[in-house]
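Provided below are the primary sequence and the corresponding predicted coordinates.
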Amino acid sequence: MNLSFRAMREEDLEDVLKIESACFSDPWLKELFEMELQHDAYAAYQNGQLAGYICAMQVLDECSITNIAVQPELHRQGVAEYMFEQLYRIMDKREVRYYYLEVRSSNQAAVALYEKLGFDRVGIRKGYYHNPVEDALVMALNRSQN
């Protein structure tokens, strides 16, 4: 798969919102993505088309993954793993060691991916998600051990 990776831009947001709505029952609003542009928001492209995006926020040596999604027809083709690898390269230069994320407890495909990437389940946030209400698994990765 031939992918490219770059900082997300304002002009990406229309396509980002389409993927967001296709992937999530409670999608983020445009305003949330506009705020993410001030942090670490990245887009992956395949053949000039948005394949996926990943949003993160760094504080000291920690990085919280705030959102990640892949175009539905590209699921299970390595796009999410590629985006994580690219994010790690960026964050490694900033000496980030710890990564955190939340995922719907029912999203077994995502949980399996995160576990494959080395994330561990470290907690539960009760009622974290809405539409439908569901718990979030809190997952963490310590890259200083790698």
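All right, it came through fine. Quick caveat: nothing in here was measured; it's all calculated off a predicted structure.

if I look at the residue nearest to residue 24 when sequence neighbours are not counted, what pLDDT would I see?
Nearest residue to residue 24 in three dimensions, chain neighbours excluded: residue 69, at 7.1 Å (C-beta to C-beta, 6 or more residues apart in numbering). Where you see a C-beta, it was placed from the backbone N, CA and C, and this is true even at glycine. You'll see residue 69 listed with a pLDDT of 93.

which ones are touching residue 69?
Residue 69 makes contacts with 19, 20, 23, 24, 52, 53, as judged by C-beta atoms under 8 Å, 6 or more residues apart in numbering.

host element of the second one?
Residue 20 belongs to helix 13-23 when assigned by DSSP states H and E.

residues in contact with that helix: which ones?
Contacts for helix 13-23 (C-beta under 8 Å, 6+ apart): 8, 27-28, 30, 33-34, 43, 49-50, 52-53, 67, 69-72.

list the buried residues in it.
Residues 13, 15, 16, 19, 20, 23 are the ones in helix 13-23 that count as buried (16 or more other C-beta atoms under 10 Å).

repeat for stretch 64-81
For stretch 64-81, burial by neighbour count (16+ other C-beta under 10 Å) applies to 64, 65, 66, 67, 68, 69, 70, 71, 74, 79, 80.

beta partners of the nearest residue in space to the fifth one that is not next to it in sequence?
Beyond its immediate neighbours in the sequence, the residue positioned closest to residue 68 (C-beta to C-beta, 6+ apart) is residue 54, lying 4.5 Å away. The residues listed as beta-bridge partners of residue 54 by DSSP bridges are residue 42, residue 68.

for burial, what's the neighbour tally of residue 54?
Neighbour count of residue 54, defined by other C-beta atoms under 10 Å: 25.

ok, then the element right after the lengthiest helix in the chain?
When the chain is parsed with DSSP state H, its longest helix is helix 79-93. Using DSSP H and E, the helix or strand that follows helix 79-93 in sequence is strand 98-104.

list the contacts of the residue most central in space within the chain.
Nearest residue to the geometric centre of the chain (C-alpha atoms, centre = their mean): residue 68, 2.5 Å. Taking C-beta under 8 Å, 6+ apart, we find residue 68 in contact with 52, 53, 54, 55, 80, 83, 101.

please report the distance of it from residue 80.
To residue 80, residue 68 is 6 Å away according to C-beta to C-beta, to the nearest Å.

fine, thanks again, bye for now.
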